[in-house]
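1. need coordinates for the following:
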Amino acid sequence: MAVTSAAEMADVLRQFVVQFNQVPELPRMAQGWNRTVVVRARDAGWTQALRVEAGRVSLLEAAPPAGEITLEGPADTLAAIFRGETSPTEPYLDGSLQVRSTEADMMKLDVFTLMVWGE
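-> All right, here's what the predicted structure looks like:
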């Protein structure tokens, strides 16, 4: 399987943004939780970012070097997580996905994941 390219991942993240913003409860739950989520693929050499602000998620055109939350792992794993094909739990537990954030932010991300994909 080919490694997910930066352009493919941007498409995946755009779809995630649409899904997130369509769940009625999420904008209310994310209100006041303003964070930049950096998504970095070690194997593919790309970095992308999402911004959560005013209860909405958007894809940033240019990723900053750091954010309040950083997800780092293989490109295909990151794509599968944002497509809802894979829970982030397994790759996190096996060490292939690194998450740098506060414990409170990790819990918030878990809740958002559950609500977007219903898992």
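2. and the gap between R56 and N21?
-> Note on R56: its distance to N21, by CB to CB, to the nearest Å, is 6 Å. (C-beta placed from N, C-alpha, C; glycine too.)
3. oh sorry, the question was meant for G73
-> For G73, the distance to N21 under the criterion CB to CB works out to 24 Å.
4. same deal with R35?
-> Separation of R35 from N21 (CB to CB): 15 Å.
5. T36 now?
-> 17 Å.
6. still on that earlier bit, tell me, what's touching R56 and N21 both at once?
-> Listed contacts common to R56 and N21 are P27; contacts here mean CB atoms under 8 Å, 6 or more residues apart in numbering.
7. confidence score at the nearest residue to V38 once chain neighbours are set aside?
-> Closest residue to V38 apart from its sequence neighbours, by CB to CB, 6 or more residues apart in numbering: G67 at 4.1 Å. For G67, the pLDDT comes out at 91.
8. cool, E119 as well?
-> Looking at E119, its pLDDT reads 57.
9. helix, strand or coil for the residue lying closest to A62 once chain neighbours are set aside?
-> Of all residues not flanking A62 in the chain, A49 sits nearest, at 8.0 Å (CB to CB, 6+ apart). Using DSSP: H, G, I helix; E, B strand; the rest coil, the structure places A49 in strand.
10. can you give me the strands in this protein?
-> Taking DSSP state E as the test, the strands found in the chain are 35-41, 46-53, 56-59, 69-73, 98-100.
11. is it true that S101 touches E72?
-> No. With contact defined as CB atoms under 8 Å, S101 does not count as touching E72 (11.4 Å).
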